[in-house]
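Participant: Structure, please.
(4 chains)
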Protein chains: 2
Amino acid sequence: MSHTPDPRFRIRLDYGDGVVLGPGKAELLERIAGTGSISAAGREMGMSYKRAWQLVEALNSMFRVPLVLSSRGGARGGGAALTEAGEQVLAAYRALENSAKEASSQPLATLRALRPEASARK
Amino acid sequence: MSHTPDPRFRIRLDYGDGVVLGPGKAELLERIAGTGSISAAGREMGMSYKRAWQLVEALNSMFRVPLVLSSRGGARGGGAALTEAGEQVLAAYRALENSAKEASSQPLATLRALRPEASARK
DNA sequence: CTGCGTTATGTCTGGTGGGAAATATCGCAT
DNA sequence: ATGCGATATTTCCCACCAGACATAACGCAG
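Facilitator: Numbering: from 1, shown residues only, chains lettered A, B, ... in the order given. Below is the predicted model:
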């Protein structure tokens, strides 16, 4: 029995100035696409609406075109959806994650041989 | 002239419980190997000795064997050096970075076509 | 046996990031 | 007209973190 189940990969693309695309924003995009709502997506991820909205704002301002379009009012109060660019960015990020993870299996095995994670009890 | 010079890759290996191996700890390991001193390495990276030491402590306790050995007193006051495991972990992380970056060039090109970074002025 | 530079560790404190909550606005349904 | 549910935005507040600072121990050089 190995105690080191699987180190999770976290890849962040860092353009300067705190402009970052990482797992959090990617998942948020995904859940917005799934729920059609910023607040619902945020709730699923256990974050406040404010934070979710701030992330969306960051996402929209870090590209030349917005990734999320939102609307107020209407039958169901409003909602949000990914633009085509949003879907493309999400897909590209996922593809990036996958190929990176695949390519890293060898060095990962080396690390695993070095026995990460002993106990880390506090 | 493209304004998007090069999104920097940041890869973190996340074992649960806040046990994380990322670019910061890797660079610290590298500089400890180079300087033979925790405080000197920390100074080079612009961090306090306390923080550098805390990172070393985290590194040492996240594997079964310590990655950094340190000694107090002596001619030059003391010092620190990487263990063999430390050098292996550092090498494995660097290899992982390299192969991941290489494998990601294609999705990265896709993203670049979507024109990241507009202005983001605050 | 004194001095020095480093490791090792604790305490205090200021800044900041994020949540909670309050408020406004929108557009359709009824 | 009125209500509803979601977006949008501000203000207040507090927990947490990181740095600054203090102190101790260490071991060799001289």
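Participant: A:V20 belongs to a strand?
Facilitator: Yes: assessed by DSSP: H, G, I helix; E, B strand; the rest coil, A:V20 belongs to a strand.
Participant: Number of residues surrounding it?
Facilitator: A:V20: 17 surrounding residues under other CB atoms under 10 Å in any protein chain shown. From N, CA and C alone the C-beta is placed, and that goes for glycine too.
Participant: What is the biggest strand by length in chain A packed up against?
Facilitator: Scanning chain A for the strand with the most residues, using DSSP state E, yields strand A:8-15. The contact analysis (3 or more CB pairs under 8 Å, 6 or more residues apart in numbering or on different chains; DSSP states H and E) places strand A:8-15 against strand A:19-21, helix A:23-35, helix A:84-103, strand B:8-15.
Participant: Put together a markdown table for these, with mean pLDDT on each row.
Facilitator: Formatted as a markdown table, the helices and strands packed on strand A:8-15 follow (pLDDT from 0 to 100):
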| stretch | mean pLDDT |
| --- | --- |
| strand A:19-21 | 93 |
| helix A:23-35 | 97 |
| helix A:84-103 | 94 |
| strand B:8-15 | 91 |
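Participant: nearest to DNA strand D, of those?
Facilitator: Of all these, the one in closest proximity to DNA strand D, counting by CB to the nearest atom of the strand, is helix A:23-35 (7.7 Å).
Participant: Pick out the residue in chain A sitting closest to DNA strand C.
Facilitator: A:G73 (2.0 Å).
Participant: pLDDT score for that residue?
Facilitator: pLDDT recorded at A:G73 is 94.
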